[in-house]
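In: How does the following fold in three dimensions:
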Amino acid sequence: MKPSSFSIGPIEINQPFALAPLAGYTDLPFRLLCREFGAGLVYSEMISCHGLVYDQHKTRQMIATVPDEQPLALQLFGSEPEVMAQAAAMIDKEPVAFIDINMGCPVRKVIKKGAGSALMQTPKLAEQIIRRVVAATSKPVTVKFRTGWNHQSINAPEFARMVEEAGASALAVHARTWSDGFSGSVDYSVISRVKEASHIPVIGNGDIHSYDDGLRLMAETGCDGVMIGRAALGAPWIFSPHINIEPSRSLRLGALSRHLELIDHYLPA
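Out: Below is the predicted model of the structure:
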């Protein structure tokens, strides 16, 4: 199967393999490295809407970008529609392609604030957030979420319809519930159901360990793209169809050297 391109709003994604947002990992150097290995779309780390609105120095550093990594989605998290809209309006002035809203993070300190996966339990609040963010920016807005809160409340297809009706241009689904965290079995059938329920692009996520795994996920579920997270750590070549799962030592050392070079160039000492 040869992967095909798809569009998010007016922006074409030429290679349907995306680097997932990973807190503490998907900074500018790593995003650039993954783009060089073929990622068609990259996501920033989670960015606090409050951190942006309060103009925190560390948060401002997290939204730094360069043209070579585009298209880039900056991922916002928060549970207050007004503050999320204010943050989106600030990002609207930045040279990035998309604004992504995190509604899938399972980390307890995020959940306690009503953000991340907690928003799957409060779809009316989630809808308010999406609508306010969409109204605050001219950029396409995307949303990332999970299959549900737990296995007794799988609501991703219904949630996806709400996300689309609220104005989002694309969505991504991690094929686990909040209760699964990052373990347990993925359920790709839910991605299939989300795709059937949606008229906007759907990106599938969860336990993709190779380029071929991603191709299988698209073939199995009909999703438009694939998002790879933890499997890209230490293996940015996962986005390339031309590199073996076990690349040569010289390629590994070359990738390590390039990553260090990018870190040295872009990160503050």
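In: what about the helices in the stretch 101-250 of the chain?
Out: 108-111, 123-136, 156-165, 188-197, 211-221, 249-266 (DSSP state H, counting those that start in this stretch).
In: Report the angle between the third one and helix 123-136.
Out: Right, the one you point to is helix 156-165. 30 degrees (axes from the mean of the first three to the mean of the last three CA atoms, to 10 degrees).
In: Any regions of the stretch 1-150 of the chain where pLDDT drops low?
Out: Filtered on pLDDT under 70, the stretch 1-150 of the chain yields the residue ranges 1-2.
In: So what's the residue count around Asp212?
Out: Neighbourhood size, Asp212 [other CB atoms under 10 Å]: 12. For the C-beta atoms, the positions are set from N, CA and C on the backbone; glycine is no exception.
In: and it, how far is that from Val226?
Out: Distance, Asp212 to Val226, using CB to CB, to the nearest Å: 11 Å.
In: contacting residues for the closest residue to His199 other than its chain neighbours?
Out: Nearest residue to His199, sequence neighbours excluded (CB to CB, 6 or more residues apart in numbering): Glu164, at 6.3 Å. The neighbours of Glu164, taking CB atoms under 8 Å, 6 or more residues apart in numbering as the test, are Leu171, Ser198, His199, Ile200.
In: Generate a ChimeraX selection restricted to the buried entries among these.
Out: Buried residues within the contacts of Glu164, by 16 or more other CB atoms under 10 Å, are selected in ChimeraX with:
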select :171,198,200
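In: Could you find which two of the contacts of Glu164 are furthest from each other?
Out: Using CB to CB, the contacts of Glu164 span at most 10.8 Å, a distance reached by Leu171 and His199.
In: elements contacting whatever helix or strand Ala88 lives in?
Out: For Ala88, the enclosing helix or strand under DSSP states H and E is helix 81-91. If you count contacts as 3 or more CB pairs under 8 Å, 6 or more residues apart in numbering; DSSP states H and E, helix 81-91 packs onto helix 49-53, strand 72-77, strand 98-103, helix 123-136.
In: For the first one, what is the distance to the chain centroid?
Out: When distances are taken as CA atoms, centre = their mean, to the nearest Å, helix 49-53 is centred 19 Å away from the chain's centroid.
In: ditto for stretch 242-249
Out: 25 Å.
In: got the end-to-end distance for it?
Out: 16 Å (CA to CA, to the nearest Å).
In: So which bits of that stretch are buried?
Out: Buried residues in stretch 242-249 (16+ other CB under 10 Å): Ile243.
In: Please tell me how far Ala23 sits from Ala135.
Out: Distance from Ala23 to Ala135, by CB to CB: 27 Å.
In: who's more crowded, the two?
Out: Applying other CB under 10 Å to Ala23 and Ala135 shows that Ala23 carries more neighbours, namely 15 against 12.
In: Please settle this for me: is the more buried one part of a strand?
Out: No - read with DSSP: H, G, I helix; E, B strand; the rest coil, Ala23 is coil and lies in no strand.
In: still on that earlier bit, what spatial separation is found between the residue nearest to His199 and Gln61?
Out: Taking CB to CB, one finds Glu164 at 33 Å from Gln61.
In: Equivalent analysis for Arg193, please.
Out: Arg193 is 39 Å from Gln61, by CB to CB.
In: cool, and Glu94?
Out: On the measure of CB to CB, Glu94 and Gln61 end up 13 Å apart.
In: Please apply the same query to Leu217.
Out: In terms of CB to CB, Leu217 sits 34 Å off from Gln61.
In: When those two are compared, which one has more neighbours?
Out: Taking other CB under 10 Å, Leu217 and Gln61 do not tie; Leu217 has more neighbours (24 against 12).
In: For the more buried one, give me its contacts.
Out: So Leu217 contacts Tyr188, Ile191, Gly204, Ile208, Cys223, Val226 (CB under 8 Å, 6+ apart).
In: for those, which one is nearest Asp180?
Out: Of those, the one sitting nearest to Asp180 (CB to CB) turns out to be Tyr188, at 13.5 Å.
In: Do I have it right that the closest one meets Arg176?
Out: No - assessed by CB atoms under 8 Å, Tyr188 is found out of contact with Arg176, at 10.6 Å.
In: which residues are common contacts for these two?
Out: In terms of CB under 8 Å, 6+ apart, Tyr188 and Arg176 are both contacted by the residues Gly206.
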